[in-house]
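Participant: what would the 3D arrangement of this be:
(2 chains)
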There are 2 protein chains.
Amino acid sequence: MKPHSEGHPARSTGGTLIQDAPFAFECGATLPGLRIAYETWGGLNAAGDNAVLVIHALTGDAHAASGGGPEGARPGWWEGLIGPGKGLDPATHFIVCANLVGGCYGTAGPSDLNPATGKPYGPDFPVVTTRDMARAQKILLDHLGVRGLALILGGSLGAMVTWEFIVEYPGFARAAVPMAGGPSTSPWAVAFDAVARQAILGDPGWEGGRYVGPGPVNGLALARQLAMTTYRTDRLFQSRFGRDREDADPARSLDPENLFQVERYLRHQGEKLVNRFDARTYLALTTAMDLHEVARGRGGIEAALSAIDAKVLCVGIDTDALFPAREMREAAALLLDMGKNATYAEIASPFGHDAFLVEYDQLGPLVAAVLGRATP
Amino acid sequence: MKPHSEGHPARSTGGTLIQDAPFAFECGATLPGLRIAYETWGGLNAAGDNAVLVIHALTGDAHAASGGGPEGARPGWWEGLIGPGKGLDPATHFIVCANLVGGCYGTAGPSDLNPATGKPYGPDFPVVTTRDMARAQKILLDHLGVRGLALILGGSLGAMVTWEFIVEYPGFARAAVPMAGGPSTSPWAVAFDAVARQAILGDPGWEGGRYVGPGPVNGLALARQLAMTTYRTDRLFQSRFGRDREDADPARSLDPENLFQVERYLRHQGEKLVNRFDARTYLALTTAMDLHEVARGRGGIEAALSAIDAKVLCVGIDTDALFPAREMREAAALLLDMGKNATYAEIASPFGHDAFLVEYDQLGPLVAAVLGRATP
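Facilitator: Next up is the predicted model:
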C-alpha cells in the first residue's frame, strides 16, 4: 500500500494516507495497516514547525473548513475559526485535520469491510481509544513532514485526543487548547453515552453491527436527539422554542401528534445525522470518549500530566451541561499546581457544550493569542 | 358503581374510590366513571379543614409513607417527610395521597382493560393533563369530606398538579408547596421526555400500546436510565461512582463488557422500574408533564395565576439539571409582582432534581413552618 490521491505533503490540500505498517491498538489488537483521511490548509514552512493540528468532535470529519481537500468550497465544521484573518490563518500556519480512527469519513473504522469475512467489521473492529486516535494523528504528521506543532486543539472528543497527544508526545506541540473536554471523562457523560448506545444496540436494525443497509436508524436518531439536548441548554431551548407547537391552533393543544417545536427540531437533527453517519462509528467513538483517561497505564493522573511541556489553555463553557466548566478549571488548576504553563479561559454562551462550534468571536482571539498573533 | 374497600372517610387509611359519575377529561373525552386509589394518615377534624394533600411524582403511588392504606408497614416514597414528629404529622393533620389519573397503581389509566375491546386501552385512553389530575384529586377530597386543605404539596409532576389545583380551586387550599416544578414545563424537560417516549414507542414490545405481556421492557428501561441521569448531578455521580468499573482489573480496562459502575447502577434502575411500572402510564404521565401549562385556556399565565389565593412556597433545588431552580425563583417572583403571598426557598443538595425525595432535613422544617408548626 502507498499514499494515493495526494500531492507533495507540504502542498497537499488533503487526501488519504494509506499506512502500510501494522497499527497496534491500545487494546492489544493490530491491523495490518491504517487508512487516514485528512485535509490541510496553508503551507508547511522549511523547519516543519508551523503546523496546527485540529481535532474533530464525535460526528465531525477532516473537512474543518472550506478550501482544504477535495470538497473545496463547502463550509467546514470550524469554518468560523479557520481561514484568512480568522483565529487559525493558513497564511501563517499549516493547518491539518484528519478523520479520527474509528471514524466513518475515510479513516479506518468499524464500517469498513473486514477482509476476513467480507462483511463490515462492526464489533470485530478493535476497541478504539483516544490514545489510538492521538497515535494515528502522529503517524499522519510524520508522513506530512511536520516536525513540531505550533498548536493542537479541539473541543469535546477533540479535546480528549488533544490531552492524549500532549501527554504521549512531549516536545512535539508547543501549545494546546483543549475545549470542553478534560483529562478523563466524567461518569455523568458516560451515563448519557451509555443510554445512547443502548438505543442503537436495541434497534432491530443493528444486526450485531454487521448490517449492510441503513442499519439501526431509529436507534441512532434517538441517540443523536439525546446528545443534541445535552449539547445545548435549557435557556437556549426556552428562547428558541419556548412551548411552541407545530400547529399553534389552541384546538390542537392537547393533540399528541401536534409536536412541540423542540421535538420537531430534535427529530430533524436525528434524521440529519442518520443520513450522514454510521451507527458503528457512533458506538466506537462514544466508547472511546467513555474510556478516555490519560491516567490509564501511566501511574495516575499527575504522573501522566507530568510529561506535558506544551503551554495549555483549558477552555470551559459556562453553560456546558455535559462537560461542566468546573472540570476544565480543575484541570488547569492541577497543571498550575504541578508547575506547568497552564491557563484557563471561560466562554460565555447560551449554547452549552456546543459553544465551541459557535462562539467564534470569543474562540478566535483566544486561539490567535496562543499562537502569538494579534486578535483577528 | 360505589365505593369499596374503605371505611368512614374520616377514619380511612386508604382504599379505592369508584366514582360512578362521568369524568370529562380536558381533551374532550369522557369516561363513564373513575377509579381512584388512595391512602390517608391521621384523622380529619370536625371542620374538615386540617387536610394535607400530597401529590406524587412520575413513578410514585398513593403509598407516600408507612401506616397508611393496605400496605401498612412498608416504607413509602416520602417516608422521611410523613409521620409522627416529621414535617407532615398525622397527629395534627389528615394527610391524603392518591395515585394520579393515568397511573398504574390502582387509579384509572391506560393499562386498564377497555370494556369496548377487552384489551388494554393503551393509546385509546384519553390524553391526561395535570388539570385532569387536579380535578380527580378534588373529587377524592370531596368524597372524603375534606372542606379545606391546610396544604397541598408535591415535587416534579407533583408540583405541576399542585399548581393546577390552586389555580383551579381558589379558596380550597390555604398553602401550597410546589417543589422543582413550575407553572409550565420547559422545552428542555420536554426534550428529554420526548426522547424517552421514542425509546418506548420504538420497542417492538410496544405493540401499539395494547400489549398484554411484559411490553416494551427495553424501551422503558432505557427511558428510566435517561431520566435517572437527568434527576441526578455530575457531582453526585462523580463522588458515588467516579470512573470505577465492575471489574477493577487493569487488564480489563478496555473491555466494553466491563461496565462502568455508573452504567451498572443505571441498568439496575431500569430493571427495577420495569418490574414495577407500566410503559403506557410512563407515556401518559410524561405526556401530561409536557402538556403542563396553567396558562392554557385561561388567558395567559398572569390571568391563570391571578386566581391563586393560597400562600405559595416555591421550592427550587440548587443543582436541579432538569427543572432549574431559576424556574422556581421566577415563579415566586411573578407571584410577588402580582401581589400574591409567595416565598422562595432553595434546597442545597448534591442530588439534583431528586433532592425532593432525599433532603428531609431541609424539607421537613420548610413544610412544618408553612403549617405554622415548630421545626420538627
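Participant: wasn't A:Leu285 part of a strand?
Facilitator: No: under the criterion used here (DSSP: H, G, I helix; E, B strand; the rest coil), A:Leu285 is helix, not part of a strand.
Participant: what's near enough to touch it?
Facilitator: Contact partners of A:Leu285, counting by CB atoms under 8 Å, 6 or more residues apart in numbering or on different chains, are A:Leu58, A:Leu100, A:Gly102, A:Gly103, A:Val128, A:Leu157. Bear in mind the C-beta positions are built from the backbone N, C-alpha and C, glycine included.
Participant: out of those residues, which is most surrounded?
Facilitator: A:Leu100 (35 neighbours; other CB atoms under 10 Å in any protein chain shown).
Participant: so the residue nearest to that one when sequence neighbours are not counted: helix, strand or coil?
Facilitator: The shortest distance from A:Leu100 to any residue other than its chain neighbours is 4.7 Å, reached at A:Met133 (CB to CB, 6 or more residues apart in numbering or on different chains). When states are read from three-state DSSP, the local structure at A:Met133 comes out as helix.
Participant: I figured A:Met133 hits A:Glu164, correct?
Facilitator: Yes: under the criterion of CB atoms under 8 Å, A:Met133 makes contact with A:Glu164 at 7.1 Å.
Participant: strands - which of the contacts of A:Leu285 land there?
Facilitator: Using DSSP state E, no member of the contacts of A:Leu285 sits in strands.
Participant: next step: those restricted to helices.
Facilitator: Helix and strand membership here follows DSSP state H; of the contacts of A:Leu285, those in helices are A:Leu157.
Participant: rewinding a little: contacting residues for the residue nearest to A:Leu100?
Facilitator: The contact partners of A:Met133, taken as CB under 8 Å, 6+ apart, are A:Ile55, A:Leu100, A:Val101, A:Gly102, A:Val161, A:Glu164, A:Ala288.
Participant: so the second one versus chain B, what's the distance?
Facilitator: Per CB to the nearest CB, to the nearest Å, A:Leu100 is found 17 Å from chain B.
Participant: next one: the first one
Facilitator: Applying CB to the nearest CB, the value for A:Ile55 to chain B is 21 Å.
Participant: who does that residue bridge with?
Facilitator: According to DSSP bridges, the residues that bridge with A:Ile55 are A:Gly154.
Participant: follow-up on the earlier one: report pLDDT for the residue nearest to A:Leu100.
Facilitator: Here the pLDDT value assigned to A:Met133 is 98.
Participant: same check, this time on A:Lys2
Facilitator: Reading off the per-residue confidence, A:Lys2 sits at a pLDDT of 33.
Participant: ok, now which ones touch the spatially most central residue of chain A?
Facilitator: To find the centre residue of chain A, average its C-alpha atoms and take the closest one (CA atoms, centre = their mean): that gives A:Ala57, at 1.7 Å. The contact partners of A:Ala57, taken as CB under 8 Å, 6+ apart, are A:Trp77, A:Gly154, A:Gly155, A:Ser156, A:Leu157, A:Gly158, A:Phe356, A:Leu357.
Participant: with A:Asp318 instead?
Facilitator: A:Ala325, A:Glu346, A:Ile347, A:Ala348, A:Ser349.
Participant: of those, which belong to helices?
Facilitator: Those of the contacts of A:Asp318 mapping onto helices are A:Ala325, per DSSP H.
Participant: which residues of the stretch 101-250 of chain A lie near chain B?
Facilitator: Where the stretch 101-250 of chain A comes near chain B, counting by CB under 8 Å from any CB of the partner chain, the residues are A:127, A:129, A:184-192, A:194-195, A:198-199, A:202-204, A:218-219, A:222, A:225-226, A:229, A:233-234, A:237-238, A:241-243, A:250.
Participant: are any of the residues you listed buried, and which?
Facilitator: Neighbour counting by 16 or more other CB atoms under 10 Å in any protein chain shown classes A:127, A:129, A:184-192, A:194-195, A:198-199, A:202-203, A:218-219, A:222, A:225-226, A:229, A:233-234, A:237-238, A:241, A:243 among these as buried.
Participant: may I have stretch A:249-259 as CSV, with CA atoms only?
Facilitator: Only the C-alpha atoms of stretch A:249-259 are listed here, as CSV (Å, rounded to 0.1, in the frame of the first residue of the first chain):
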residue,chain,number,x,y,z
ASP,A,249,-54.2,26.3,16.9
PRO,A,250,-55.4,26.0,20.6
ALA,A,251,-57.9,23.4,19.5
ARG,A,252,-54.8,21.1,18.9
SER,A,253,-53.1,22.0,22.2
LEU,A,254,-53.7,18.5,23.6
ASP,A,255,-53.1,16.6,20.4
PRO,A,256,-50.0,14.4,21.0
GLU,A,257,-49.5,14.4,17.2
ASN,A,258,-49.0,18.1,17.3
LEU,A,259,-45.3,18.1,18.2
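Participant: what residues of it count as buried?
Facilitator: Under the neighbour-count rule (16+ other CB under 10 Å), stretch A:249-259 has A:Ser253, A:Leu254, A:Leu259 buried.
Participant: now swap in stretch A:141-149 and tell me
Facilitator: Under the neighbour-count rule (16+ other CB under 10 Å), stretch A:141-149 has A:Leu141, A:His143, A:Leu144, A:Val146, A:Leu149 buried.
Participant: ok, now stretch A:309-325?
Facilitator: Judged by neighbour count using 16+ other CB under 10 Å, the buried positions of stretch A:309-325 are A:310-317, A:319-325.
Participant: in strands, which of those residues fall?
Facilitator: Those of these lying in strands (DSSP E): A:Lys311, A:Val312, A:Leu313, A:Cys314, A:Val315, A:Gly316, A:Ile317.
Participant: CSV for those residues, including distance to A:Leu44?
Facilitator: Below are these laid out as CSV (distance: CB to CB, whole Å):
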residue, distance to A:Leu44
A:Lys311, 21
A:Val312, 24
A:Leu313, 23
A:Cys314, 28
A:Val315, 26
A:Gly316, 32
A:Ile317, 32
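Participant: turn those residues into TSV, columns for distance to chain B and pLDDT.
Facilitator: Formatted as TSV, those follow (distance: CB to the nearest CB, whole Å; pLDDT from 0 to 100):
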residue	distance to chain B	pLDDT
A:Lys311	27	98
A:Val312	21	98
A:Leu313	23	98
A:Cys314	17	98
A:Val315	18	98
A:Gly316	13	98
A:Ile317	14	98
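Participant: can you tell me which of those residues is nearest A:Pro123?
Facilitator: Within the set of these, A:Ile317 lies nearest A:Pro123; the separation is 33.7 Å, counting by CB to CB.
Participant: the closest one bridge partners, please.
Facilitator: Taking DSSP bridges as the rule, A:Ile317 bridges to A:Ile347.
Participant: wait, it touches A:Glu346, no?
Facilitator: Yes: counting by CB under 8 Å, A:Glu346 is a contact partner of A:Ile317 at 7.1 Å.
Participant: give the residues shared as contacts by these two.
Facilitator: By CB under 8 Å, 6+ apart, the residues touching both A:Ile317 and A:Glu346 are A:Ala325.
Participant: which one (most neighbours) among the contacts of A:Met133?
Facilitator: A:Leu100 (35 neighbours).
Participant: contact partners for that one?
Facilitator: When the contact criterion is CB under 8 Å, 6+ apart, the partners of A:Leu100 are A:Ile55, A:His56, A:Thr107, A:Met133, A:Ala136, A:Leu157, A:Val161, A:Leu285.
Participant: list the contacts for the residue of the stretch 201-350 of chain A found nearest chain B?
Facilitator: Nearest to chain B in the stretch 201-350 of chain A, going by CB to the nearest CB, is A:Asp234, at a distance of 3.5 Å. If a contact means CB under 8 Å, 6+ apart, then A:Asp234 has B:Ser186, B:Pro187, B:Trp188, B:Ala189, B:Pro324 as its contacts.
Participant: repeat for A:Ala73
Facilitator: By CB under 8 Å, 6+ apart, A:Ala73 lies in contact with A:Ser66, A:Gly67.
Participant: again with A:Arg245
Facilitator: Taking CB under 8 Å, 6+ apart as the contact definition, A:Arg245 lies against A:Arg252, A:Ser253, A:Asn258, A:Leu259, A:Phe260, A:Gln261.
Participant: so after the helix or strand A:Gln198 falls within, what's the next helix or strand?
Facilitator: Using DSSP states H and E, the element containing A:Gln198 is helix A:187-201. Per DSSP H and E, the first helix or strand lying C-terminal to helix A:187-201 is helix A:217-231.
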